[in-house]
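**Q** When you get a sec, could you give me coordinates for this:
(one chain, ligands or ions: 1)
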Amino acid sequence: MQNYQPTPDLLNERVILVTGAGAGIGKAAALSFARHGATVILLGRTTKKLEAVYDEIEAEGNPKPAIIPLNLENASADQYKAIADSIDSEFGRLDGLLNNAGILGQRTPIANYKPDVWQQVLQVNLTAPFLLAQSVLPLMEKSDDASIVFTSSGVGRKGRAFWGAYAVSKFGIEGLMQTLADELEGISSIRVNCINPGATRTAMREKAFPAENMENNPAPADIMSQYLYLLGPDSKVITGQSLDAQ
Ligand code: NAP
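**A** Residues are numbered from 1 along each chain as shown. Got it, this is the predicted structure:
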């Protein structure tokens, strides 16, 4: 599906939640989903960035988005419940969830890895996507064609030196995806998959590879076709898979 061509109205009438929607790949995904007709719920920790994306979507005349400010590092069970309740009362269902927010942590040997950074990375990259997906599952059951996407990485499929908690969190996300997909297959219309963006020109990539010429990497807006595929109706039969965006 690398050459997937989305139709302009692919996501019409769909309500899709994107985490980390204020910057990088999440911002590009939110804008792209809105341009294809979706009502996008923008979740992130920096309200100003979310508001800028909101304004861009509105200025383009696309469906009015919603904003949920949330720090995934320390969000409580009550906050996740409140999010599900507010989506339920505003939209009555959820058709798509893109778990995209993530942090890099340290690029250092396991021998030197700081335990507090380890906890932080596992919390944001793995536990938070679990908590969010769990809290909105009943809302996704109300959709005829719901899609959950988790964000993986090349180092979530093969461990590599100095990637520490980041790599482990991405292995975990692949495991969470496979487990949930297997649980839901045959008894639910919710499909569950991973996407690996590949090297993409964002703040995270720059932090991980400071010496790299960033211009050689595609911009987030250039890698959206697989995201659109997974969030739209054409991937209906796909579940338990880990796709590459590039
Ligand atoms: P990015 O530019 O650093 O953006 C990360 C986003 O996550 C930002 O919107 C950030 O919000 C948000 N975020 C971070 N911590 C958060 C928290 N505690 N609570 C809520 N939101 C939080 O990264 P990116 O490159 O777009 O990465 C997006 C996803 O792709 C990540 O899961 C990453 O692991 C994965 N990935 C990226 C690449 C790549 O080459 N870029 C390659 C493989 C996988 P703020 O802006 O407010 O900080």
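**Q** The top helix by length along the chain - contacts with which helices or strands?
**A** For the chain, the longest helix by residue count, based on DSSP state H, is helix 164-184. The contact analysis (3 or more CB pairs under 8 Å, 6 or more residues apart in numbering; DSSP states H and E) places helix 164-184 against helix 115-122, helix 128-141, strand 146-151, strand 190-196. Bear in mind the C-beta positions are built from the backbone N, C-alpha and C, glycine included.
**Q** can you tell which of these is closest to the ligand?
**A** strand 146-151 (3.8 Å; CB to the nearest ligand atom).
**Q** Could you list the contact residues of the protein toward the ligand?
**A** Applying CB under 6 Å from any ligand atom, we find that the chain lies next to the ligand at 20, 22-26, 44-46, 49, 71-73, 100-103, 124, 151, 153, 197, 199-200, 202-205.
**Q** Any of those residues buried? List them.
**A** 20, 22-26, 44-45, 49, 72, 100-103, 124, 151, 153, 197, 199-200, 202, 204-205 (16 or more other CB atoms under 10 Å).
**Q** quick one, helices of this protein?
**A** Remark: helices assigned in the chain by DSSP H are 24-35, 47-59, 77-91, 115-122, 128-141, 164-184, 203-208, 225-231.
**Q** packing partners for the fourth one?
**A** Contact here means 3+ CB pairs under 8 Å, 6+ apart; on that basis helix 115-122 packs against helix 164-184.
**Q** For the longest helix of the chain, give me every contacting residue.
**A** The contact list for helix 164-184, computed with CB atoms under 8 Å, 6 or more residues apart in numbering, reads 99, 102-110, 113, 117-118, 121-122, 125-126, 129-130, 133, 148, 150-153, 155-157, 159-160, 190-194, 239-240, 242.
**Q** and with 6 Å instead?
**A** For helix 164-184, the external contacting residues (CB atoms under 6 Å, 6 or more residues apart in numbering) are 104-106, 113, 118, 121-122, 125-126, 130, 150, 152-153, 155-156, 159, 190, 192, 194, 239-240, 242.
**Q** quick one: buried residues of it?
**A** Neighbour-count burial for helix 164-184 flags 164-174, 176-178, 180-181, 184 (criterion: 16+ other CB under 10 Å).
**Q** Ok, stretch 52-68 next?
**A** 53, 54, 57, 62, 63, 65, 66, 67, 68.
**Q** buried ones in stretch 238-246?
**A** By 16+ other CB under 10 Å, the buried positions in stretch 238-246 come out as 238, 239, 240, 242, 243, 244, 245.
**Q** actually stretch 95-114, not the one I wrote
**A** So for stretch 95-114, counting by 16+ other CB under 10 Å, buried means 95-106, 113.
**Q** with those in mind, which one is nearest to residue 218?
**A** Comparing the buried residues of stretch 95-114 against residue 218 with CB to CB picks out residue 100 as the nearest, at 16.1 Å.
**Q** Model confidence score at the closest one, please.
**A** At residue 100, the model reports a pLDDT of 98.
**Q** Low-confidence ranges, the chain, go.
**A** Within the chain, the stretches with pLDDT under 70 are 1-2.
**Q** So for residue 204, what's the nearest residue that isn't a sequence neighbour?
**A** Take residue 204 and drop its neighbours on the chain: the residue closest to it by CB to CB, 6 or more residues apart in numbering is residue 104, 5.4 Å away.
**Q** Pick out whichever of the buried residues of stretch 95-114 sits closest to the ligand.
**A** Using CB to the nearest ligand atom, the buried residues of stretch 95-114 come closest to the ligand at residue 102, 2.7 Å.
**Q** pretty sure the closest one is touching residue 126, no?
**A** No - with contact defined as CB atoms under 6 Å, residue 102 does not reach residue 126; the gap is 9.5 Å.
**Q** burial of the closest residue to residue 37 other than its chain neighbours, as a residue count?
**A** Setting aside the residues directly before and after it, residue 37 is nearest to residue 12 in space (CB to CB, 6+ apart), at 3.6 Å. Residue 12: 13 surrounding residues under other CB atoms under 10 Å.
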